[in-house]
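A.B. asks: Whatever this is, show me its structure:
(2 chains)
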Number of protein chains: 2
Amino acid sequence: MRVLGVDPGLTRCGVGVVEGVAGRPLTLRGVGVVRTPADADLGSRLVAIEQGIEQWLDEHRPEFVAVERVFSQHNVRTVMGTAQASAVAMLCAARRGIPVALHTPSEVKAAVTGSGRADKAQIGAMVTRLLRLDAPPKPADAADALALAICHIWRAPAQNRLQQAVAAHRTAYASKGRTA
Amino acid sequence: MRVLGVDPGLTRCGVGVVEGVAGRPLTLRGVGVVRTPADADLGSRLVAIEQGIEQWLDEHRPEFVAVERVFSQHNVRTVMGTAQASAVAMLCAARRGIPVALHTPSEVKAAVTGSGRADKAQIGAMVTRLLRLDAPPKPADAADALALAICHIWRAPAQNRLQQAVAAHRTAYASKGRTA
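C.D. replies: Next up, the predicted model:
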């Protein structure tokens, strides 16, 4: 199973591709950050994020995209940008019929460290260990994206297969709708 | 000047096209609502909104897109969906090099009714009068989209020309970047 994890953000959008199945060693396929200039207008920033995500989808052909679920309660100042960046990532995936899964930050932390309240350093350390890297991926957004992908791979495989079937059905239905 | 106003929302996204210049009678070119089913997954809903907005852009070729500015303070339960729908609308416009303007709800209310605290009925009544319609557009999201477009037309024309020039420059720059 190949999963693209996306830690959404307007200034830095973490992206990471992990391949593997639950219970077996995982493989890092790629990690990086899509950046947009803070002084650009919002529309241009969203277009730049779309182009960045599209490149990652083209290059890595993931079977799932896992995006961090954004809550409006936290960090009110930046939450709108985060919601907008996550919308672009979900749109890019759904347009290709790739199933999108949302995981909360505490689900991701609990999956990779055993604690839903783990800090950035702990997540970085576990991502480094699980993917057998020499050092934690930098910046933290990149490590978080990999943690999201790992979290997704470790979810119940049956649940993923169901979601994939639903997405395939929806894509077929949507294509029919367009030509009708 | 032809402006597409977008009142963003996941369940109902109001869209309205108004043509005219400040100080002259305005003309309604089209009004409607892009709807997505509440039980569909978020990715599919964003794709449906993209397809809807693209159709409006194709059909009406607006020179500006005016989107309601979303605040995280209000209506926490639905604000994330609103932010995500607005991101899709801004993305569709910016991808075509169409300048995007954000107006706050109180700016729009003040522009069309003279009061930043006007209610839905007042906005509907003024949109009906300004566009010489027989009845207020329904639902309220459709009327709000028209009010956004009117608000934008009535902004300083010089400011709009500047924004258009910046958008044209950015589009030229982005195309260069892609081929490099």
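
A.B. asks: Can you pull the residues of chain A lying near chain B?
C.D. replies: Remark: the part of chain A in contact with chain B comprises A:40-44, A:46-47, A:50-51, A:70-73, A:76, A:79-80, A:83-88, A:90-91, A:93-95, A:99-100, A:102, A:166, A:170, A:174, A:178, using Cβ under 8 Å from any Cβ of the partner chain. All C-beta spots, glycine's among them, are computed from the backbone N, C-alpha and C.

A.B. asks: Among these, name the buried ones.
C.D. replies: A:41-44, A:46-47, A:50-51, A:70, A:72, A:79-80, A:83-88, A:90-91, A:93-95, A:99-100, A:102, A:170, A:174 (16 or more other Cβ atoms under 10 Å in any protein chain shown).

A.B. asks: Now, these that are in strands?
C.D. replies: Among those, the ones falling in strands (DSSP state E) are A:100, A:102.

A.B. asks: So which of the buried ones among the residues of chain A next to chain B belong to helices?
C.D. replies: In this view, these that belong to helices under DSSP state H are A:42-44, A:46-47, A:50-51, A:79-80, A:83-88, A:90-91, A:93-95, A:170, A:174.

A.B. asks: Correct me if wrong: residue A:147 contacts residue A:14.
C.D. replies: No. Taking contacts as Cβ atoms under 8 Å, residue A:147 lies outside contact range of residue A:14: 9.4 Å.

A.B. asks: okay, and the common contacts of those two?
C.D. replies: Contact with both residue A:147 and residue A:14 is made by residues residue A:5, according to Cβ atoms under 8 Å, 6 or more residues apart in numbering or on different chains.

A.B. asks: Look at those two and report which has more neighbours.
C.D. replies: residue A:147 (32 against 25; other Cβ atoms under 10 Å in any protein chain shown).

A.B. asks: which secondary structure elements does the helix or strand in which that one is found contact?
C.D. replies: Mapping residue A:147 onto the secondary structure by DSSP states H and E places it in helix A:140-153. Applying 3 or more Cβ pairs under 8 Å, 6 or more residues apart in numbering or on different chains; DSSP states H and E, we find helix A:140-153 packed against strand A:2-7, strand A:12-19, strand A:27-35, strand A:64-68, strand A:100-103, helix A:105-113, helix A:120-130.

A.B. asks: buried set for stretch A:8-23?
C.D. replies: Within stretch A:8-23, the residues that qualify as buried are A:8-10, A:12-20, counting by 16+ other Cβ under 10 Å.
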